[in-house]
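Undergrad: sequence and predicted structure below; questions after.
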Amino acid sequence: MTSAPIGESPKSPFWLAFRVFDEPGQVFTELAQRPRGLVPVLIFAIAFAAIAIGAPTSVLQNAATQQFEAIEKSRPGVITPEIREKAISQAGGVRSRLNLLIFPVLIGLIFMALSAAILSLILNSLSSVEISLRDEWAIVTHANMVLCVGALVTWLGIALSGDMTFRVALGFLVSKDTSQFGHSLGQQITVFGAWYVYLLALGNQIKMKAKGIGTPLTIIGGFWIVLSVLFAWLSSFFGGMMG
């Protein structure tokens, strides 16, 4: 995690984006000196384009069917059979695939921007080294590479199993019948989410020139836990309404 020798040429943006998996210390050391974040954002968009194009039509139609079944349970008769059948038949069409691309990418960009803004404000106040929004954006976008892989793995699992709830997460530890909230919370705690939190903490530790990872990991991990609990509550609440 030492800085590059004086005179050493900067690493390629693509090298930084892909080597964050196995050389995160070197990647974030480079970014601390030369922050940038365009390439990870492009890869993020490409990953969801691959998902939108490659998602099996049967899986998309199954997802639409499950949504309509949930609506029917909570509000019987609100959707006519004709509208339902038409929507399901169009679930694998161009429009639904564009939605599968556009909405996740927009939400992801907003989430990354908010994360960078919030973390730069909080950690900058604790650091002896200035952490600009550009610095934090570089850290967040490169850490987000593991979430790209997580999204691809998740959709591959969904395509193979046909189960829209598939996650590489801890949801299997608590069944829905035992606790809707517990199951939802377990579904929020994914391998890729934990990896993302660690990379964010490591990137900020290197930028802050802190001796240990404890402070950034506590702050970022705390936010992750709060958001996981919030999303789990919302999921269990609406799931309970529709169940």
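TA: Arrived safely.

Undergrad: how distant is the strand or helix carrying residue 158 from the center of its chain?
TA: Using DSSP states H and E, residue 158 sits within helix 145-161. Distance, stretch centre to chain centre, for helix 145-161: 11 Å (Cα atoms, centre = their mean, to the nearest Å).

Undergrad: show me what that helix packs onto, helices and strands only.
TA: Helices and strands touching helix 145-161, by 3 or more Cβ pairs under 8 Å, 6 or more residues apart in numbering; DSSP states H and E, are helix 38-54, helix 191-208. C-beta coordinates here come from the backbone N, C-alpha and C atoms, glycine included.

Undergrad: so which of the ones you listed is the most packed in?
TA: Stretch with highest mean neighbour count among these: helix 191-208 (a mean of 22; mean count of other Cβ atoms under 10 Å).

Undergrad: could you say what helices and strands the helix or strand just after that helix packs with?
TA: Next along the chain after helix 191-208, taking DSSP H and E as the criterion, comes helix 214-242. Helix 214-242 sits against helix 57-74, helix 94-126, helix 180-188, helix 191-208, with contacts defined as 3+ Cβ pairs under 8 Å, 6+ apart.

Undergrad: thought residue 136 was touching residue 113?
TA: No. Using Cβ atoms under 8 Å as the test, residue 136 is too far from residue 113 to be in contact (10.0 Å).

Undergrad: re earlier: in the helix holding residue 158, what's buried?
TA: Buried residues in helix 145-161, defined by neighbour count with 16 or more other Cβ atoms under 10 Å: 145-148, 150-155, 158-159.

Undergrad: likewise stretch 112-132?
TA: Going by neighbour count (16+ other Cβ under 10 Å), the buried part of stretch 112-132 is 112, 115-116, 119-120, 122-124, 127, 131.

Undergrad: distance of the residue nearest to the spatial centre of the chain from residue 199?
TA: Nearest residue to the geometric centre of the chain (Cα atoms, centre = their mean): residue 147, 4.6 Å. Counting by Cβ to Cβ, to the nearest Å, the gap between residue 147 and residue 199 amounts to 10 Å.

Undergrad: same deal with residue 145?
TA: Residue 145 is 8 Å from residue 199, by Cβ to Cβ.

Undergrad: quick one on the thing from earlier: with mean pLDDT and distance to residue 229 as extra columns, can I get the helices and strands packed on helix 145-161 in CSV?
TA: Converted to CSV, those look like this (pLDDT from 0 to 100; distance: least, Cβ to Cβ, whole Å):
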stretch, mean pLDDT, distance to residue 229
helix 38-54, 95, 26
helix 191-208, 96, 13
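
Undergrad: of those helices, which is nearest residue 163?
TA: helix 38-54 (16.0 Å; Cβ to Cβ).

Undergrad: circling back: of the helices and strands packed on helix 214-242, give the one that comes closest to residue 42.
TA: helix 94-126 (10.7 Å).

Undergrad: other SSEs contacting that closest one?
TA: Checking 3+ Cβ pairs under 8 Å, 6+ apart, helix 94-126 ends up next to helix 38-54, helix 57-74, helix 133-143, helix 191-208, helix 214-242.

Undergrad: centre of the chain to that helix, how far?
TA: That offset, for helix 94-126, works out to 9 Å (Cα atoms, centre = their mean).

Undergrad: and the angle from that helix to helix 133-143?
TA: Using axes from the mean of the first three to the mean of the last three Cα atoms, to 10 degrees, one finds that helix 94-126 and helix 133-143 are set 130 degrees apart in direction.

Undergrad: got the angle for helix 94-126 vs helix 38-54?
TA: Orientation check (the same axes, to 10 degrees): helix 94-126 against helix 38-54 gives 150 degrees.
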